[in-house]
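Undergrad: Make a model of this:
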Amino acid sequence: MSWKIVERKLGRAGDLKQQHKRQKQWNQKYGQDEWLIGYVLDGEFVAQEEALDSIYYQSYVAHFEKHPNDLQELLTLAKTLRNPHALATGGTDLQVPAIVRYLKEQNLSLQGTEVLDIGSWQNERSHPLSIRLSPLQIKVVGNDKMTLEQFWQEKKCLAIWIED
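TA: Residues are numbered from 1 along each chain as shown. The predicted model follows:
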């Protein structure tokens, strides 16, 4: 038994309504609980939830290790974090939870006074750090030629469970 890739380049997940519509289509086409969204890593299909840890979170870990000044600026500037794109569109927020997890696991806390955007919406952002910590700028762990956003959107695929 194994996962077989049946669709590539799925694009953006969209808001909850769009996500539910696509999931309903996949349920009708492939069967309930017979499909999964994920990524191919080192030749193996990995569920999106696992990739959240091994790619998304680890990309922020690598960024903070390579750019300690960004981390220090974040700690001294921000009181809280928000994702303006997710708030405006109803999309899923991945970057704020990844950063919050990193801070928690490092026993660090935000000491600043500002609400800091992570990313932007319609070219609006709260601070230059907003852009530097955006998945549009963060490099994928192990691949300095691709941003996290490029990887997350372009490499996403749909797999179905196949009985061998």
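
Undergrad: can you pull the pLDDT of R125?
TA: Looking at R125, its pLDDT stands at 69.

Undergrad: same question, R8
TA: 89.

Undergrad: how close does it sit to C157?
TA: 5 Å (Cβ to Cβ, to the nearest Å). The C-beta positions use only the backbone N, C-alpha and C, and glycine is treated the same way.

Undergrad: Please apply the same query to V6.
TA: Look at V6 and C157: by Cβ to Cβ, they are 8 Å apart.

Undergrad: Between these two, point out the one with more neighbours.
TA: Counting neighbours by other Cβ atoms under 10 Å for V6 and for C157 shows that C157 has the greater number, 19 against 14.

Undergrad: Assign L158 to helix, strand or coil.
TA: strand (DSSP: H, G, I helix; E, B strand; the rest coil).

Undergrad: go on, the one 3 residues further on?
TA: Each residue gets one of three states, and W161 gets strand by three-state DSSP.

Undergrad: Can you tell me how far it is from Q23?
TA: 16 Å.

Undergrad: just K139 next, same as before
TA: From K139 over to Q23 the distance is 31 Å, taken as Cβ to Cβ.

Undergrad: How about the contacts made by the residue most central in space within the chain?
TA: Nearest to the geometric centre of the chain sits L94, at 4.3 Å (Cα atoms, centre = their mean). Contacts for L94 (Cβ atoms under 8 Å, 6 or more residues apart in numbering) come out as 52, 56, 135, 152.

Undergrad: How confident was the prediction at it?
TA: Reported pLDDT for L94: 93.

Undergrad: quick one, strands of this protein?
TA: 2-8, 35-41, 44-47, 78-82, 114-117, 139-140, 143-147, 157-162 (DSSP state E).

Undergrad: Quick check: mean pLDDT of the fifth one?
TA: When the per-residue pLDDT values of strand 114-117 are averaged, the result is 94.

Undergrad: and it, how far from the chain's centre?
TA: 19 Å (Cα atoms, centre = their mean, to the nearest Å).

Undergrad: beta partners for A78?
TA: Assessed by DSSP bridges, A78 has beta-bridge partners E114.
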